[in-house]
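[1] dropping the sequence and predicted coords here.
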Amino acid sequence: MPELVLWDIDHTLMATRGLGGQLWAAAFEQVTGVALRKQADVTGSTERVILRETTRLHDIPYSDELFTRFADALGAQHVQRAAELRERGHALPGAASILTALSDRGIRQSVVTGNVRAAAEVKLAVFGLDSYLSLDDGAYGEDGDERPELLLAALEHTGVEAGSAVFLGDTLADVAGGRAAGVRVVAVATGRTPAADLFAAGASAVLDDLSDTAGALAAIEA
């Protein structure tokens, strides 16, 4: 039985069905004064890395101060359009059930995500998933560039050893990050990465989705 279960958010617990990209573009234009022409690859990346690479594509100087302003703007976009997010997006099948089942077992849960914290909080609240998670124990896009940094930050927040934690995510970056941090990874093939690729990358188990609560529990508790 793990002491701590850490969750990725996008394509693991929920889908925003394109609205996330629109909010990102609006925040980018707000802080840079430049309309978004092309966004850097977002798969498995943190918002800090995505912003840094996207500003490079637009010949805009990057700075930590720019990222701070962008994080504030992106969080505000999510707050302002929360109702639209609720209408267009959805929690993935089984997400609430597995969070409930783990909570009923007394297992501590939080998130490790490339999202900035304000955006993550809105997404989780909109789909009714926040009550199962100790968000202060998590790690967010403000806490580092790569998944290993974020996982290690969450472990430090909680005081849990890596060997007593499980991380669930949907990308190769999630699997690689977990392995680098010494955290067992249960991958969920609900994103863009096929199950076979997630398994080949080193996930200890791969779930097609979270709809089978008993199967997900078995994989997490193995």
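    Received it, and whenever you're ready, just let me know what you need. Note that the structure is a prediction, hence the values are computed from the model and not measured.
[2] tell me how far Leu13 lies from Pro93.
    Leu13 sits 11 Å away from Pro93, going by Cβ to Cβ, to the nearest Å. C-beta: built from backbone N, CA, C; applies to glycine.
[3] now for these two: what residues contact both?
    Residues within reach of Leu13 and of Pro93 at once, by Cβ atoms under 8 Å, 6 or more residues apart in numbering, are Leu210.
[4] downstream of the helix ranked longest in the chain, the next helix or strand is which one?
    Using DSSP state H, we find that the single longest helix of the chain is helix 64-80. The helix or strand immediately downstream of helix 64-80 is helix 82-88, counting by DSSP states H and E.
[5] hmm, who's touching that next one?
    For helix 82-88, the external contacting residues (Cβ under 8 Å, 6+ apart) are Thr16, Arg17, Gly18, Leu19, His78, Val122, Lys123, Ala125, Val126, Phe127.
[6] give me the number of residues near the closest residue to the fourth one other than its chain neighbours?
    Spatially, and ignoring its direct neighbours in sequence, Leu19 is nearest to Arg88 (5.0 Å; Cβ to Cβ, 6 or more residues apart in numbering). In terms of burial, Arg88 registers 15 neighbours under the definition other Cβ atoms under 10 Å.
[7] for Gly128, same thing?
    Neighbour count of Gly128, defined by other Cβ under 10 Å: 13.
[8] so it makes contact with Ala91?
    Yes - between Gly128 and Ala91 there is a contact under Cβ atoms under 8 Å: 7.2 Å.
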